[in-house]
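Colleague: got a predicted model here, sequence first, then my questions.
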Amino acid sequence: MPHSGILASIWIAAEPWFLNHGLRILGIVIAAFIARSISVFFVEKAVRRTVAVRRDGSSNDGAKRRADTLVNVFSDTINIGVWTVAGVMIIAEFGMNIGPILAAAGVAGVALGFGAQYVIRDLIAGFFIVLENQYRVGDWVSVGDISGVVEDLTLRRTVLRDMDGTAHFIPNGEIKIASNQSRRFASVNLNVGIGYDSDLDAVIRVVNRVGRELADDAAWKDSIITPPQFLRIHEFGDSAIVIKITGNTKPMRQWDVTGELRKRLKAAFDRERIELPFPQRVIHRA
C-alpha cells in the first residue's frame with residue numbers, strides 16, 4: 001500500500017478522536033493559559049497597589065522589593081494550581097481513570113506533608129514576614145541572641161550578617177520575635193555620668209548646645225532627624241549622677257552619631273570643667 005494510503009487510513013481512524021478529544025485538550029490548554037495570565041495580571045496589580053500605600057513609611061525601593069517578592073509567590077502558586085487542574089483534565093481526555101491517580105497523589109501528599117511540615121512552616125512564616133514587611137534586605141535585625149544586617153531573605157530562611165562578619169542562616173519558622181532596628185528611624189540612647197558637685201543647669205546647656213551643633217554640622221545633618229538633647233536624670237550612681245541623652249537619627253546611623261556625640265561631649269566637658277567621674281576606692285590605714 002502506498003505511503004499516502006497508509007497515512008490516509010491513520011487519519012481516518014484518528015479523525016473522530018481528534019475532533020472529539022483533541023480539540024478539547026487544545027481548549028483546556030488555551031483556557032489554562034488565559035486563566036493563568038488573567039489571574040497573574042490582576043494579582044500583580046492588586047499587590048502593587050496595596051504595597052504602594054506604604055503606611056509604614058517604607059521607601060520606594062523597599063516597597064518595590066516587597067511587591068516583587070509577593071508577586072513571585074502568588075504567580076508561582078497560581079501556576080501550580082492552574083496547570084495541575086489542566087493536567088488532570090487532559091489525562092481524563094486520554095481515557096485514563098484519574099481516580100487511582102488522585103488517590104495515589106493524596107497518599108503521597110499526606111506522606112510528604114508529614115516529612116515536610118517544618119519546610120511548610122518556614123514557608124508560611126516567611127510569607128507573612130514579607131507580607132507584613134517586618135523587615136527586608138539591608139535592615140538591622142535582632143532575632144533571639146543574634147543581631148545583624150539582613151543579607152538575604154526568602155520564604156524559607158533569613159540570613160543575618162553580624163558585626164564579626166559571620167552569616168547566620170535562620171529558618172523563618174524558628175523566628176518568634178524579630179526586632180527591627182532600622183524601621184523608619186533609629187535613636188541615640190546615651191547615658192553619661194557627671195560629678196555630684198556639677199552645676200546641673202550648666203550641664204544641660206552644654207549637652208543641648210553640643211547636640212544642636214552636631215545636627216547643624218554639614219557632615220552629620222543628613223543623618224540626624226532630631227538633635228540629641230538632655231532628657232532626664234537617669235539615676236543616682238555610686239560616684240556620679242547619670243543623665244540620659246536622646247535624639248532620632250536615620251536608620252543604621254545611630255551608632256556613628258552616638259560615637260561622634262561622645263567625642264564632642266568629652267571635649268565640651270573638658271572646656272567647661274565638668275567632671276566625668278570614675279569609681280574610686282578610699283583606703284584608710286589604721
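Modeller: In hand now; what should we look at?
Colleague: can you list the weak-confidence ranges in this structure?
Modeller: Judged against pLDDT under 70, the low-scoring parts of the chain cover residues 1-21, 51-63, 65-66, 69, 73, 95-116, 279-286.
Colleague: mind exporting the C-alpha coordinates of the strand ranked longest in it to CSV?
Modeller: Ranked by residue count, the top strand of the chain under DSSP state E comes out as strand 224-236. Extracted C-alpha coordinates of strand 224-236, given in CSV (Å, rounded to 0.1, in the frame of the first residue of the first chain):
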residue,chain,number,x,y,z
ILE,A,224,20.1,63.3,62.2
ILE,A,225,16.4,63.8,62.4
THR,A,226,16.1,65.2,66.0
PRO,A,227,19.2,66.8,67.6
PRO,A,228,20.4,64.8,70.7
GLN,A,229,19.4,66.6,73.9
PHE,A,230,19.1,66.1,77.6
LEU,A,231,16.1,64.0,78.5
ARG,A,232,16.2,63.4,82.3
ILE,A,233,18.3,62.3,85.3
HIS,A,234,18.5,58.6,84.7
GLU,A,235,19.8,57.6,88.2
PHE,A,236,22.0,58.5,91.1
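Colleague: measure residue 158 to residue 198 for me?
Modeller: When distance is defined by CB to CB, to the nearest Å, residue 158 is 46 Å away from residue 198. C-betas here are computed from N, CA, C, even on glycine.
Colleague: looking only at neighbour counts, state which of those two leads.
Modeller: Higher neighbour count among residue 158 and residue 198: residue 158, with 28 against 19, using other CB atoms under 10 Å.
Colleague: quick one: residues contacting the more buried one.
Modeller: Counting by CB atoms under 8 Å, 6 or more residues apart in numbering, residue 158 makes contact with 126, 129, 135, 141, 143, 150, 152, 169-170, 172, 175.
Colleague: same deal with residue 40?
Modeller: 74-75, 78.
Colleague: assign it to helix, strand or coil.
Modeller: helix (DSSP: H, G, I helix; E, B strand; the rest coil).
Colleague: stretch 190-209: which residues count as buried?
Modeller: For stretch 190-209, burial by neighbour count (16 or more other CB atoms under 10 Å) applies to 190, 192-194, 198, 203, 206-207.
Colleague: please apply the same query to stretch 79-96.
Modeller: For stretch 79-96, burial by neighbour count (16+ other CB under 10 Å) applies to 82-83, 86, 89-90, 92-93.
Colleague: returning to that earlier point: beyond the longest strand of the chain, next helix or strand please.
Modeller: strand 241-249 (DSSP states H and E).
Colleague: now that next one - C-alpha only, PDB.
Modeller: The C-alpha trace of strand 241-249 is given here as PDB (Å, rounded to 0.1, in the frame of the first residue of the first chain):
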ATOM      1  CA  ILE A 241      24.700  61.500  88.500                       C
ATOM      2  CA  VAL A 242      23.700  59.600  85.400                       C
ATOM      3  CA  ILE A 243      21.900  61.700  82.800                       C
ATOM      4  CA  LYS A 244      20.100  60.300  79.700                       C
ATOM      5  CA  ILE A 245      20.600  61.900  76.300                       C
ATOM      6  CA  THR A 246      18.400  61.000  73.300                       C
ATOM      7  CA  GLY A 247      17.700  62.000  69.700                       C
ATOM      8  CA  ASN A 248      16.500  60.500  66.500                       C
ATOM      9  CA  THR A 249      18.700  59.500  63.500                       C
END
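Colleague: relative to residue 145, how far out is residue 177?
Modeller: On the measure of CB to CB, residue 177 and residue 145 end up 12 Å apart.
Colleague: next step: the contacts of residue 40 restricted to strands.
Modeller: Short answer: those have none in strands (DSSP E).
Colleague: what two of the buried residues of stretch 190-209 are the furthest from one another?
Modeller: Farthest pair in the buried residues of stretch 190-209 (CB to CB) is 190 and 198. Separation: 16.8 Å.
Colleague: check contacts around the nearest residue to residue 166 once chain neighbours are set aside.
Modeller: Nearest residue to residue 166, sequence neighbours excluded (CB to CB, 6 or more residues apart in numbering): residue 148, at 7.9 Å. Residues counted as contacts of residue 148 (CB under 8 Å, 6+ apart) are 140-141, 160-163, 166, 168.
Colleague: many thanks, have a good one.
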